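Asker: Pasted the sequence and its predicted model underneath.
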Amino acid sequence: MAKKKPFALRLDEDTLKAIEKWAADEFRSTNGQIEWIIHRALKEAGRIKKDS
């Protein structure tokens, strides 16, 4: 597994609430949900391999 690096992220309150609800609906942590969203976006944009 790749080493994870801490990173500060500022989000507006409404965005964070929406992510927290989405994470709870999918039984993920908020951090895990943000990682999943970013990873999916990178795959869809062709920035990382589709099978990673």
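Answerer: Everything's here; your move.
Asker: center of this structure - which residue?
Answerer: residue 34 (1.9 Å; C-alpha atoms, centre = their mean).
Asker: gap between that residue and residue 13?
Answerer: Per C-beta to C-beta, to the nearest Å, residue 34 is found 15 Å from residue 13. From N, CA and C alone the C-beta is placed, and that goes for glycine too.
Asker: which residues touch the residue nearest to the centre of the chain?
Answerer: Listed by C-beta atoms under 8 Å, 6 or more residues apart in numbering, the contact set of residue 34 reads 9, 19.
Asker: does residue 19 sit in a helix or strand, and which one?
Answerer: Assessed by DSSP states H and E, residue 19 sits inside helix 13-25.
Asker: quick one: contacts of that helix?
Answerer: Counting by C-beta under 8 Å, 6+ apart, 11, 29-30, 32-34, 37 sit against helix 13-25.
Asker: buried ones in it?
Answerer: Residues of helix 13-25 classed as buried by neighbour count (16 or more other C-beta atoms under 10 Å): 19, 23.
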